Structure formats: C-alpha cells, structure tokens
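Okay, sequence plus prediction incoming.
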Amino acid sequence: MALAAPGDDGVTVTVAVSGLRNTKGLIRACLTTKPATFPECDKDPQSLRLSVPAQSGPALVFRHVAPGTYAVSLFHDENGNGRLDKTMGIPSEGYGFSRDAPVHFGPPKFDAAKVSIGSSDMTLAIKLRYIL
C-alpha cells in the first residue's frame, strides 16, 4: 500500500502528543504501512516522516494520507541528533506508538500499533514514555 502523494486525495492524520518532559529538541514521527520497517521507518521510502519543535502539546499533521492500515512511531529527540539515544540498550529519550502499543523487551510489533485510516480525517493521541 502506498501513501498518497502531495496533491492527491487523502485524509489528514493529526498526532497529538502528550507527556513531554521538557521543550528541548524535536518530536520526530513516522507513519508507515510496512510491518518490516516499523518502528524506525528509515528503510521505507514511502513512509511519511515529520519533525516539530518540542513544546507543550505538540501536534504532528500528516496530510494526503491514503486509506489503509498504518502504524505511527515517534520519539523526543532532545539533543537533535536525529536518532533515539539509548544507554545500555534502554531508550534515554521519550518514545511512543499509535494505540499506545506496549513495549516488552523491545519495540512493539506493527500489529500492536496498527490503525485503520479511512476516508475521514482523524486524530491519534500518543503519550510519550520515558524510562531514563
């Protein structure tokens, strides 16, 4: 399933982020249809990726999204280096997933985070989690 190109029909998917521990850096998110590339999306050229400044109540807006099954992953890139930092394999920056997918000894699978996007605009709420 491909994402709609800018200018094509599609819906708007807004991701409302909560639980931000500070306003340093950026919130980075990706929206993908491909289970094999979730949650990082860097190997999915068709994924949609957005970054917004970290602030109180940030929202990320994906436009022209074709109907289908997707998953969203995001993280709070506090130091602006473009990646989720880890200490001894444990994330040291905040992260979150659509459907508040649980994390058990690693990131959730696509099926735990998948959402169906239809013909209407929608808003997803994702709460950031911080371990360290």
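Great, that's in hand.

drop to CA atoms for contacts and neighbour counts, all remaining ones
Will do.

what's the closest non-adjacent residue to Lys114?
Ala71 (4.5 Å; CA to CA, 6 or more residues apart in numbering).

what about the one you found, neighbour count?
25 (other CA atoms under 10 Å).

Within the helices and strands, which one has it?
strand 68-77 (DSSP states H and E).

For that strand, which strands pair with it and how are they oriented?
Strand pairing for strand 68-77, using DSSP bridges, gives strand 26-32 (antiparallel), strand 95-97 (antiparallel), strand 115-117 (antiparallel).

The last one - what's its average pLDDT?
So that's strand 115-117. With pLDDT averaged residue by residue, strand 115-117 scores 98.

With adjacent residues omitted, what lies nearest to the spatially most central residue of the chain?
The structure's the chain has its C-alpha centroid closest to Ser73; by CA atoms, centre = their mean the separation is 2.8 Å. Counting by CA to CA, 6+ apart, the nearest residue to Ser73 once its immediate chain neighbours are dropped is Phe97, at 4.5 Å.

measure Thr32 to Pro108 for me?
Going from Thr32 to Pro108 by CA to CA, to the nearest Å gives 14 Å.

overlap in contacts of those two?
Both Thr32 and Pro108 lack any common contact, where contact means CA atoms under 8 Å, 6 or more residues apart in numbering.
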